[in-house]
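K.L.:
sequence and predicted structure are below.
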Amino acid sequence: MTTHTQTKTQVLSATTLIGDTVRNPQGEELGTLEEIMFELDSGRIAYAVLSFGGFLGLGDKLFAIPWQALSVDTEDEEVVLNVSKEQLEDAPGFDKDDWPSTFDRNWVAEVHTYYGYQPYWM
């Protein structure tokens, strides 16, 4: 006789997170979660896109953040990223009018390495 143990895992739609404030554990606001990018071949989340800087959407710089670097605070309805503002300012980013058009594993690997994470495909 086989018994199956059911585990319950919380799920959340991506649209629920888009537009949420991103803070570090110290409570500093780091920006806004703009997008969640999927790698179509594997179906995995490649990275999240965070906007930071600027004023009223002008001058924002976008940053690719490894998904595993983020956690969701469901109580405060925000996303938590354990980096300082200074570390984020020096992170590899891109202009909001010039998004990466293809999945470049070398670039995504550099992003993961910058934040101290191993790329999910390695």
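P.N.:
That came through fine. Fair warning: this is a prediction, and the values are worked out from it, not measured in the lab.
K.L.:
what strand or helix carries V108?
P.N.:
helix 105-114 (DSSP states H and E).
K.L.:
and that helix, how far out from the chain middle?
P.N.:
13 Å (Cα atoms, centre = their mean, to the nearest Å).
K.L.:
and if you look at stretch 28-35?
P.N.:
9 Å.
K.L.:
before we move on, the earlier item: in the helix holding V108, what's buried?
P.N.:
Neighbour counts over helix 105-114 (16 or more other Cβ atoms under 10 Å) mark V108, V111, H112, Y114 as buried. (C-beta placed from N, C-alpha, C; glycine too.)
K.L.:
and for stretch 85-104?
P.N.:
Quick answer for stretch 85-104 (16+ other Cβ under 10 Å): L88, A91, G93, K96.
K.L.:
ok, the residues you listed vs T32, which is closest?
P.N.:
Distance to T32, by Cβ to Cβ, is smallest for K96 among the buried residues of stretch 85-104, at 11.7 Å.
K.L.:
so that closest one touches S51, yeah?
P.N.:
Yes. Counting by Cβ atoms under 8 Å, K96 does reach S51; the two are 7.2 Å apart.
K.L.:
list the pairing partners of the lowest-mean-pLDDT helix or strand in the chain within its sheet, with orientation.
P.N.:
The least trusted helix or strand in the chain, going by mean pLDDT, DSSP states H and E, turns out to be strand 93-95, with a mean of 83. Take DSSP bridges as the rule and strand 93-95 pairs in its sheet with strand 61-65 (antiparallel).
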